[in-house]
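S.K.: The sequence and its predicted three-dimensional model are supplied below.
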Amino acid sequence: MSTLIAKNEIPSGAFVPTSAVATSVAFDDEMMHVSLSDGRIISSPLTWFPRLRDAARSERENYEIGPAGIGIHWPDIDEDLSVAGLMGGVNLAAG
């Protein structure tokens, strides 16, 4: 059974996200949480991102969201992540 809904079957008044724009980043002991402008939150394990995992708290909290909101940069550790990559579940530690 498919849970996909055809575009012409979307209920009237339903919210349909059209873009993924980062607004903020937060961390807990094991995960990174990226909040998007449409209300979604992308959470990824820190083990996927060794530079972020090994960074000091102050280095993690010093991030810049690109002007279009599609990328995040941590200048202290020279790390860059894209929202599209996070949404796709890109695991940089694998391989």
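M.R.: Nice, thanks for sending it over.
S.K.: in its sheet, what does the host helix or strand of Met32 sit against?
M.R.: Using DSSP states H and E, Met32 sits within strand 31-36. Strand 31-36 pairs in its sheet with strand 22-27 (antiparallel), strand 41-45 (antiparallel), by DSSP bridges.
S.K.: Let me have those strands in TSV, extended by mean neighbour count.
M.R.: Yep, even glycine has a C-beta here, placed from its N, CA and C like the rest. Converted to TSV, these look like this (neighbours: other C-beta atoms under 10 Å):
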stretch	mean neighbour count
strand 22-27	16
strand 41-45	14
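S.K.: right, so of the ones you listed, which gets closest to Gly85?
M.R.: strand 41-45 (9.5 Å; C-beta to C-beta).
S.K.: Okay, buried residues for the strand holding Met32 please.
M.R.: Within strand 31-36, the residues that qualify as buried by neighbour count (16 or more other C-beta atoms under 10 Å) are Met32, Val34, Leu36.
S.K.: If we only consider those, which is nearest to Ala55?
M.R.: Met32 (10.9 Å).
S.K.: The closest one reaches Ser44, doesn't it?
M.R.: Yes - the pair Met32 / Ser44 is scored as a contact, 5.3 Å apart, by C-beta atoms under 8 Å.
S.K.: Let me know which of the strands paired with strand 31-36 is the nearest to Arg60.
M.R.: Here strand 22-27 is closest among these (C-beta to C-beta), at 5.4 Å.
S.K.: Where do the helices of this protein begin and end?
M.R.: 50-54, 57-61, 83-87 (DSSP state H).
S.K.: burial of Ala56, as a residue count?
M.R.: Residues near Ala56, counting by other C-beta atoms under 10 Å, number 10.
S.K.: what are the phi and psi angles of it?
M.R.: phi -70, psi 160 (degrees, to the nearest 10).
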